[in-house]
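Undergrad: Sharing a model that was predicted from the sequence below.
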Amino acid sequence: MPLDRTFYFFMAVAGIIAGVILVRSPEAGALPVKPLFWMLMLVAAFDLVTYLRGRAATGGMLSLNQRFLGFAIGAIWMMLIPYIAGAPVKLL
C-alpha cells in the first residue's frame, strides 16, 4: 500500500480511537495536552518513523498537503464521534 494511503488509514484509526476515548472519558478533553494536539503529535510521530526508515526507501516522505489531509481526516473523526454520541467534549 502506498505511504500516503497508509498514513490516511493510520490517522483515521487514530481519530476514531481518540473520539471513542473522548466519549467514554470526557474529562480527557481537559488534560493539559488538548485532543487536537494528540493528532498533531501522531502526525509528527508518523513523520519521524518515515524519516528514520530512510528517505531512499520506497515511498519517500509525505508532502505537506498529505500531512495536512491526514491531520484533517484524524481531526474530523475525532470531532465527529463525540458529536454524534452527544458527549460534552472540549477539544481546545
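TA: Yep, it's here.

Undergrad: other SSEs contacting the host helix or strand of residue 44?
TA: Per DSSP states H and E, residue 44 falls inside helix 35-53. Applying 3 or more C-beta pairs under 8 Å, 6 or more residues apart in numbering; DSSP states H and E, we find helix 35-53 packed against helix 3-24, helix 64-85. Quick note: C-beta positions are derived from backbone N, CA and C, even for glycine.

Undergrad: got the angle for the least confident helix or strand in the chain by mean pLDDT vs helix 64-85?
TA: Lowest by mean pLDDT, DSSP states H and E among the helices and strands of the chain is helix 35-53, with a mean of 89. Per axes from the mean of the first three to the mean of the last three C-alpha atoms, to 10 degrees, the angle that helix 35-53 makes with helix 64-85 is 140 degrees.

Undergrad: on that earlier part again, what are the buried residues along the helix holding residue 44?
TA: Buried residues in helix 35-53, counted by 16 or more other C-beta atoms under 10 Å: 35-36, 38-39, 42-43, 46, 50.

Undergrad: cool, stretch 52-72 as well?
TA: Buried, per 16+ other C-beta under 10 Å, within stretch 52-72: 62, 67, 69-71.

Undergrad: Pick out the most distant pair among the residues you listed.
TA: 62 and 71 (10.8 Å; C-beta to C-beta).

Undergrad: Between helix 3-24 and the least confident helix or strand of the chain, find me the angle.
TA: Counting by the same axes, to 10 degrees, helix 35-53 lies at 150 degrees to helix 3-24.
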